[in-house]
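Enquirer: How does the following fold in three dimensions:
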Amino acid sequence: MELRVDPVPDLSLTVDNDKICFGDTVTLTGSISGNITYTWTADPPDGSLAGQANNQTIIVAPLETTIYTLEGIVPGFGCPATIVKSIEVKPLLISD
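Expert: Numbers count the residues shown, from 1 in each chain. From the prediction side, this is the model:
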């Protein structure tokens, strides 16, 4: 009998700033050695993530505090690694 153990990626996440002002951008980068498939999601949904959901690095401009989730999986195996990061967006203050 042969036992196969699917590898779980050792995933890490770096961010250039976890607190931004309204209208600013932030860069998030997933990191792992070897071949991996990346999938990013945002809660609440972030339109600036469109077209980047499978990139290793994303540059986003959330409109409100947002939790980004990165899932990494080694192609051909079924055990994903998941990591999350909250980006705080300081609101735009308008004075009269």
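Enquirer: mind checking pLDDT for Gly72?
Expert: Confidence at Gly72, expressed as pLDDT, is 87.
Enquirer: Now the host helix or strand of it: buried residues?
Expert: Using DSSP states H and E, Gly72 sits within strand 66-73. For strand 66-73, a neighbour-count test (16 or more other Cβ atoms under 10 Å) marks 66, 68, 70-73 as buried. (Glycine included, C-beta is placed from N, CA and C.)
Enquirer: Quick check: the farthest pair among those residues?
Expert: By the measure Cβ to Cβ, Thr66 and Ile73 form the most distant pair in the buried residues of strand 66-73, at 22.5 Å.
Enquirer: which one is the spatially most central residue of the chain nearest to, not counting chain neighbours?
Expert: Nearest to the geometric centre of the chain sits Leu70, at 4.0 Å (Cα atoms, centre = their mean). Distances taken as Cβ to Cβ, 6 or more residues apart in numbering place Gly30 nearest to Leu70, at 4.8 Å, with adjacent residues excluded.
Enquirer: likewise Thr37?
Expert: Spatial nearest neighbour of Thr37, excluding adjacent residues (Cβ to Cβ, 6+ apart): Ile73 at 5.1 Å.
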